[in-house]
Structure formats: C-alpha cells, structure tokens
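Student: the following block contains a protein sequence and its predicted model.
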Amino acid sequence: MNIAFRTLSGEEGPINCELIRPTHYTKERADWANNAFDHAVKQFLREWIDHSTVTGNHLDADRDTDTDAFVEHGALRSFFKHSDDALERLLRQDAIARHLLRPVGEVYFENDAYEPMLAVFEKRIYNLAAHREHREVPFRYSPASRQGAHGDTIGLFDEHTGQSREDIGMYFGTRRSDTTALTILGDHLRRQALLPTPTSLPVHVVTEGYMTDSLRMVRDRSEQLQAQGDTQLHCFVIQRRHAADDRHLGAALLVMDPAQPGNPRRIIFCDTLNPLGQPPWWDKFKQKVDDVFPQPVDCVPVSERLEDGGVNLQRLHDGVPVRHQDIDCAFYTASMVSALIQVAQSTPDLILTGSISEVVSAMTARMPAYFEEANQPRDPVQVREENVTRRWNTGREALQNLMGARVIGLSTLEPDLYSAEVA
C-alpha cells in the first residue's frame, strides 16, 4: 500500500510529513496494471458487440459512432443497460476479476487524500454498477451527481464562482458507508457471535433499521424469549445509524432479563467521539431508549441508568479540509461491537456487573487496530491508514461475494507480466 503523505491537521492547517510505510508498488507499476486492465475490458466489449444477442436496433440506438469510438466511450454503459448481470459477467473474465480484486498492497494511493489510482474503465464499472441494487462496490464509486454520460467521474462546479466544489462524495477516503458495506460488517459480527464459547451469556447482534428500530428488536426478541420460558440473561449488541436524518453510526449494549423485557438490566451507549466530555448524541439516545422502554410515571426512566461506553476516536471536522474528514464511524463502531462480543464471550461477569470503566478498558484492549493498549489510542495517521485499508478490503469482499466459489480459482498468483515486460 502506498501512502504518499503523512498528514495531520494542526492549528495552521494540514502538515505533510514522511511516508508511513515504504512500499515497492510504484506509480509506474500501477499505470501498467491500469492500462492492461483497460485493454482487457475493451477487448471484452468488442467481443460482446460482435456476439451480442441484443436486438440490432436497440444496440445501434446507443451508438452514433464507429465501433472503436463506441468501445472507448458508450459501450460499457450500453453493456450495463442491456445486461442484468453485467458486473458478474465481467468478473467471469480472469484478467478483469484479478484487477478489481487486487489486494490493497497492489494499489497506489495518490496525494494526501488517500485516493487510489484506478483505471479509466475501472472507475466506470464501479459507477455503473452502483445503479444496480446489491451490486455496489463500497467506497469505490462516485455519487450519481458526480457521474457523466458514460459512467466517468466528473467534477462539480459552483454556478456563481465557477470553482470546483468539494464534498465527501468526491473522495474514496471520505465516502459514507453504504448498505452493502454495513451488511458486510454486520455479517462479520454475526459470525463472531455464533462462535462456540464455554460461557453462559448468549450474545445477539442487531443491525436492522435505525437505532430506534434496533432497540425495538431487542425488546421484541426478549418478549419472545419470555414466551419460550427462557430465564437466563441475554446480551444484545447494536451497530446502527441513529436516524434517517442522522447518518452517524453508534453502538450499544443491552443486558436483558426475559422476565422483564420492557426494562433492560443494563444499557451502555458507545459513541466514537467525545469532544466535551459527553457524546453529542447522548440526549437523543436517551430519548430513543425511553420511547422503546417506557416506564410507569412513578418509576425512574430507563435512560437514567444509561452508561457512557464511548471512546474518543473519530476526529472532528472543524477547520479540516474535506479530503481529510473522518467519515469512518462504521469501522469504529464495528470494532467496538466486535470487542464487546469478545468480552461477553470471555468474561461475561464483566458485562453483567463490572464498572463502566472496566468494560471500556476491556473493550479497547480488544481493538488493536485503533488502540495500542487499553485506553491508549493509536497515532491518528495509523488510524487513518487502517481505515483506508478497511475501505479497500470492504469493496474487495463485496466483489468476492458476487463471485461466489469462482473466487477460489483466482487465489493462485498470476505470472508477473509487468516485471517480464520491463526487464
């Protein structure tokens, strides 16, 4: 993985420092791989045109130029337009699949925005695939407002000043986690919770809807357990966005007694930043808790027992250039929930009766990507690099899921054609 600059935000703006990690994957090698990929895609499109079963008039309506010009520009969009399984068909071509699924160590990241250097047709594939449900490759595509007629990524300009307009959708490192990304993260957590353990505290992962929906699912499931005669305590962990109008993700842990499904035994809210000693979403979360678990008028609200299990990982955006903003709450909260699952499986008594400081210490000790040791966060630049890697790998996993068993055949390394050619 090539990270071209070490960038921090100081009082006077971004500070460029040394490379974090040396790499042998050069820009020249990335250029060669991208050119080879574009050639492979164009060859595939030529063969598709020659052997297409699309009615001639329909295909001709998409092209008003000769074949070479059509392949260079409109053919890929036409292929997606006329093929419901366009991305899957591309992934059946080994040369194309190997490039799209290349590991992060074979990606060249340009400038201090941590932007992967992608091939021309690679960008188009990601952009066009994003218009199909369940075909998104997380973080690698531009929003529809930044896509041109042929699937190219285009700039946005201010209508008054004519200046290029930045937003978080412009950069690989700042795009939000989409549904595909959150599904992948949620699947990881569910598989982890299903691992056999000797403890007697069952763990359930909830990642449905928004935060209020997930809290309701906890209550509903607890009522089901009560109806089944279950008497043991259960641990529920949540990772969800707060609301439709609030894209931030938070995490929560609830200990439920099926005998009292409307009154959590313990409830911990875990946020990713804590600038003033209390998470910015604290009061909103308390309201959600009381909406889902209302108590009689003469009883203390459940939210009064809410505990703060948050960590101060996510960087604030005040005065930070758009390309450096921290939009990685999905990875932070997934890591927090993963750590809480581990704590519940290994030391359930800590979840049931330990102090909140003990729980947070145990949680952060199990988050090595973000903490050196318990309660000791890693350098922000290391955290940023970790998140860039996770972004790339999440897209890679989405592609692997589309390929299914065929991905096994790609695990064998292909010949080093680049070294042979430049030798």
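Tutor: Cool, got the structure. It should be emphasised that the depicted structure is a prediction, and the values quoted were computed from it without experimental measurement.

Student: which residues sit against stretch 228-236?
Tutor: For stretch 228-236, the external contacting residues (C-beta atoms under 8 Å, 6 or more residues apart in numbering) are 200-206, 218, 221-222, 225, 253-259, 265, 344, 348, 351-352. Bear in mind the C-beta positions are built from the backbone N, C-alpha and C, glycine included.

Student: from the residues you listed, list the buried ones, please.
Tutor: With burial judged by 16 or more other C-beta atoms under 10 Å, the buried subset of the contacts of stretch 228-236 is 201-206, 218, 221-222, 225, 253-258, 344, 348, 351.

Student: in helices only, show me the residues you listed.
Tutor: Taking DSSP state H, the ones among the buried ones among the contacts of stretch 228-236 that sit in helices are 218, 221, 222, 225, 344, 348, 351.

Student: next, count neighbours for residue 110.
Tutor: With neighbours defined by other C-beta atoms under 10 Å, the count for residue 110 comes to 17.

Student: how about the nearest residue to it, chain neighbours excluded?
Tutor: Closest residue to residue 110 apart from its sequence neighbours, by C-beta to C-beta, 6 or more residues apart in numbering: residue 117 at 5.3 Å.

Student: helix/strand/coil for the closest residue to residue 209 other than its chain neighbours?
Tutor: For residue 209, ignoring the flanking residues on the chain, the nearest one in space by C-beta to C-beta, 6+ apart is residue 240 at 6.8 Å. For residue 240, the secondary-structure state derived from DSSP: H, G, I helix; E, B strand; the rest coil is strand.

Student: bridged to residue 240, which residues?
Tutor: Beta-bridge pairing of residue 240 under DSSP bridges involves residue 250.

Student: distance of it relative to residue 343?
Tutor: 20 Å (C-beta to C-beta, to the nearest Å).

Student: distance check, the residue nearest to residue 110 against residue 35.
Tutor: Using C-beta to C-beta, residue 117 is found at 12 Å from residue 35.

Student: so those two - more neighbours on which side?
Tutor: Of the pair residue 117 and residue 35, residue 117 is the one with more neighbours under other C-beta under 10 Å, namely 16 against 12.

Student: quick one: contacts for that one?
Tutor: The neighbourhood of residue 117, defined by C-beta under 8 Å, 6+ apart, consists of 27, 30, 31, 34, 107, 108, 109, 110.

Student: before we move on, what about residue 337?
Tutor: Under the criterion of C-beta under 8 Å, 6+ apart, the neighbours of residue 337 are 189, 205, 237, 238, 239, 251, 270.

Student: 7 Å - rerun?
Tutor: The contact partners of residue 337, taken as C-beta atoms under 7 Å, 6 or more residues apart in numbering, are 189, 237, 239, 251.

Student: just checking, the second one touches residue 340?
Tutor: Yes - look at residue 237 against residue 340 with C-beta atoms under 7 Å: they come within range, at 5.3 Å.

Student: average pLDDT for stretch 168-177?
Tutor: Mean pLDDT, computed over stretch 168-177, is 93.

Student: which parts of that stretch are buried?
Tutor: Of all the residues in stretch 168-177, those buried under the rule 16+ other C-beta under 10 Å are 169, 170, 171, 172, 173, 174, 175, 176, 177.
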